[in-house]
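A.B. asks: Below is the sequence, then the predicted model.
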Amino acid sequence: MVKVYLGAESIISPSGDAETCFLKLQNGESGVKKFSARGFNKEDFFLSAFEHRNSSFSQLLKDVIQQSVNKYDKDILTSEKTLVVISSTKGDFSKGYAHALTAPAKVLQNELQLKNFPLIISNACASGVMAINVAANLIVQKKFEHIIVAGIDLISDFILYGFQSLYALSDEPAKPFDKNRKGINLGEGAAAIIISKESSAFKNHYFHWLGGSSANDANHISGPSRTGEGLYRSVLMTLNHAGVSSKEIDYISAHGTATIFNDEMEAIAFNRLNIQHIPLNSFKGFFGHTLGAAGIIETAMCMLSMKKNTLLKSVGYDEPGTTVPIHVIEKSSSAKIDTVLKTASGFGGCNASLIIQKV
């Protein structure tokens with residue numbers, strides 16, 4: 001079977017690049033800030049947003065891809081054996097709703113001289129993890145030799161007002177898995193990871209993708225399953241696909257949106273899987289919920305955590321807030337991290353997970 005490697009991670013966020021964000025997270029800092037009068041009725045909300053962003057959606061996407069390529073091999077961009085996969089929930093609304101996803105892909109193909117039109121994955125907030133899994137499986141199937149997976153979403157009025165109408169937004173910094181959590185902080189940013197069958201081209205650290213899968217419980221258009229059924233099935237299939245035991249998992253990067261129902265659902269699923277004792281965190285208290293970019297950003301942070309053998313604090317967590325116990329990381333600390341489980345969940349009952357491991 002073809003081995004799949006991933007690395008060359010890059011992040012562009014309001015809090016800085018990947019290394020800068022790692023250091024801030026290590027210190028327990030929050031990347032969200034109060035933005036006044038951003039709501040539908042001029043309500044204040046805490047967001048992780050670019051305060052002075054000069055680049056367009058397409059330029060940001062192009063920049064983060066080029067940053068990753070610079071850590072790998074620049075020649076792959078124009079190779080027929082290379083594919084770009086874009087993960088985004090809404091795309092670029094400045095291009096109109098009908099072309100919000102395809103328009104940036106066309107710009108990217110033209111400006112980077114890509115031989116293949118980008119593949120777009122848009123399946124709510126599970127998109128990023130699903131995009132990595134799709135890319136890895138295309139490598140296994142020998143469809144391509146190199147795949148650049150890029151996730152991006154920006155905060156628009158449509159997105160902000162939409163979550164506001166669901167009463168899902170918090171008017172204070174998000175507190176994933178905490179007793180006093182009130183909802184999500186939206187975030188924006190972009191990230192890219194290169195997935196390849198060639199390990200020799202990575203200029204620094206890289207990892208194995210061992211397996212991944214998705215499952216949909218079709219519970220509700222916006223509410224997660226109360227029993228964690230979809231996430232339970234996804235992780236179970238991922239463990240079987242990866243050929244590893246749950247005892248080998250050193251750390252879990254959970255979805256952790258800081259909504260009442262999502263965090264409870266994840267805790268129930270992890271208990272059903274008997275992995276509730278494994279250290280876990282949510283990055284949403286730092287990056288906010290970056291929607292289609294979340295799975296890519298958070299997987300990149302997992303890779304840095306493995307590289308630096310550091311369990312990062314789950315920002316915003318103070319008191320247990322789920323009916324069943326989970327091991328939320330309360331303080332950043334050194335630890336040997338060889339194998340990581342990353343999960344994601346989204347509207348419509350979609351769930352995805354993957355396992356990566358040190359080479």
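C.D. replies: Nice, I can see it.

A.B. asks: partner strands of the longest strand along the chain, parallel or antiparallel?
C.D. replies: Across the chain, the longest stretch assigned as strand under DSSP state E is strand 206-216. Strand 206-216 pairs in its sheet with strand 5-12 (antiparallel), strand 350-358 (antiparallel), by DSSP bridges.

A.B. asks: Can you say which of those strands is nearest to residue 139?
C.D. replies: strand 5-12 (8.8 Å; C-beta to C-beta). Glycine gets a C-beta too; all of them are placed from N, C-alpha and C.

A.B. asks: neighbours around residue 1, how many?
C.D. replies: Neighbour count for residue 1, taken as other C-beta atoms under 10 Å: 4.

A.B. asks: pLDDT at the residue most central in space within the chain, what is it?
C.D. replies: Nearest to the mean C-alpha position of the chain, by C-alpha atoms, centre = their mean, lies residue 295 at 1.5 Å. Residue 295 is assigned 98 on the pLDDT scale.

A.B. asks: Quick check: it is in a helix.
C.D. replies: Yes - per DSSP: H, G, I helix; E, B strand; the rest coil, residue 295 lies within a helix segment.

A.B. asks: OK, contacts around it?
C.D. replies: Residue 295 is in contact with 87, 125-132, 151, 342, 344, 352, counting by C-beta atoms under 8 Å, 6 or more residues apart in numbering.

A.B. asks: same thing but 7 Å
C.D. replies: The neighbours of residue 295, taking C-beta atoms under 7 Å, 6 or more residues apart in numbering as the test, are 87, 127, 128, 129, 131, 132, 151, 344.

A.B. asks: Helices along the stretch 1-150 of the chain, start to end?
C.D. replies: With helices called from DSSP state H, counting those that start in this stretch, the stretch 1-150 of the chain shows them at 18-26, 57-69, 102-112, 127-140.

A.B. asks: Which positions within the second one qualify as buried?
C.D. replies: The reference is to helix 57-69. Of all the residues in helix 57-69, those buried under the rule 16 or more other C-beta atoms under 10 Å are 57, 58, 60, 61, 62, 64, 65, 67, 68, 69.

A.B. asks: Give me the neighbour count for residue 75.
C.D. replies: Residues lying near residue 75 (other C-beta under 10 Å) number 11.

A.B. asks: residue contacts, it?
C.D. replies: Listed by C-beta under 7 Å, 6+ apart, the contact set of residue 75 is empty.

A.B. asks: ok, it to residue 218 distance?
C.D. replies: Going from residue 75 to residue 218 by C-beta to C-beta, to the nearest Å gives 44 Å.

A.B. asks: ok, back up a step: make a markdown table out of the strands paired with strand 206-216 and add mean pLDDT, distance to residue 269 and mean neighbour count.
C.D. replies: Converted to a markdown table, these look like this (pLDDT from 0 to 100; distance: least, C-beta to C-beta, whole Å; neighbours: other C-beta atoms under 10 Å):
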| stretch | mean pLDDT | distance to residue 269 | mean neighbour count |
| --- | --- | --- | --- |
| strand 5-12 | 98 | 25 | 25 |
| strand 350-358 | 98 | 8 | 26 |
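
A.B. asks: The ones you listed: which one's closest to residue 284?
C.D. replies: Between residue 284 and those, the shortest gap by C-beta to C-beta is with strand 5-12, which sits at 14.8 Å.

A.B. asks: Need the contact partners of the closest one.
C.D. replies: Strand 5-12 has contacts (C-beta under 7 Å, 6+ apart) with 17-18, 21, 60, 63-64, 67-68, 71-72, 189-196, 199, 202, 205-209, 297, 300, 303, 356.

A.B. asks: Mind doing that once more with 6 Å?
C.D. replies: Here strand 5-12 makes contact (C-beta atoms under 6 Å, 6 or more residues apart in numbering) with 17-18, 64, 67-68, 71-72, 189-196, 199, 202, 206-207, 209, 297, 300, 303.

A.B. asks: for stretch 78-90, same thing?
C.D. replies: 76, 113, 115-116, 118-122, 127-128, 131, 135, 144-153, 291-292.

A.B. asks: First-to-last residue distance for that stretch?
C.D. replies: 27 Å (C-alpha to C-alpha, to the nearest Å).

A.B. asks: Off-centre distance for it?
C.D. replies: 16 Å (C-alpha atoms, centre = their mean, to the nearest Å).

A.B. asks: Let's test this: mean pLDDT of that stretch, rounded?
C.D. replies: Across stretch 78-90, pLDDT averages out at 97.

A.B. asks: again with stretch 211-231
C.D. replies: Per-residue scores along stretch 211-231 average to 91.

A.B. asks: Stretch 130-138 now?
C.D. replies: 98.

A.B. asks: Check stretch 198-205 too.
C.D. replies: Throughout stretch 198-205, pLDDT has a mean value of 92.

A.B. asks: And that stretch, what's buried?
C.D. replies: Buried residues in stretch 198-205, counted by 16+ other C-beta under 10 Å: 198, 201, 202, 205.

A.B. asks: Return the member of those residues nearest to residue 314.
C.D. replies: Set against residue 314, the nearest of the buried residues of stretch 198-205 by C-beta to C-beta is residue 205 (23.6 Å).
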